[in-house]
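# 3D model of this:
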Amino acid sequence: MVVASPPARCFHGRRGAVNDGAVRVERYAAHDLEAMATGLLRGAGCSAEESALVGEHLVGANLAGHDSHGVGMLPA
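A predicted model of the protein is given here:
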């Protein structure tokens, strides 16, 4: 499970790795998760501007509680 933690609010991701029946939780600051999403999009061939905008919106969706429209939309 990937979790971003900005200073005042928390994003609860739904993706996770099962390890011995337990879910492994990884926490990331929202800006770090946004940078990771932006980098993945850049690597897939998106422009810098488009990657930054989409990364911002994906993390924003998670922070708003709309996990089905957040970073989980990025292909693995």
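
# quick one, strands of the protein?
Taking DSSP state E as the criterion, the chain contains strands spanning 2-4, 11-12, 17-19, 22-24, 26-28.

# State the distance from residue 54 to residue 66.
According to Cβ to Cβ, to the nearest Å, residue 54 and residue 66 sit 15 Å apart. C-beta here means a position set from N, CA and C on the backbone, and glycine is covered the same way.

# who's more crowded, those two?
Between residue 54 and residue 66, counting by other Cβ atoms under 10 Å, residue 54 is the more crowded of the two (18 against 12).

# Not counting residues beside it along the chain, what's closest to that one?
Nearest residue to residue 54 in three dimensions, chain neighbours excluded: residue 41, at 5.7 Å (Cβ to Cβ, 6 or more residues apart in numbering).

# Give me the neighbour count for residue 70.
Other residues near residue 70 come to 25 when the count uses other Cβ under 10 Å.

# Sorry, wrong one. I was asking about residue 73.
Residue crowding around residue 73 was assessed by other Cβ under 10 Å; the count is 13.

# Same check on residue 52?
A total of 17 residues lie near residue 52 under the criterion other Cβ under 10 Å.

# gap between it and residue 37?
Here residue 52 is placed at a distance of 9 Å from residue 37 (Cβ to Cβ).

# what is in contact with these two at once?
Both residue 52 and residue 37 lack any common contacting residue under the criterion Cβ atoms under 8 Å, 6 or more residues apart in numbering.
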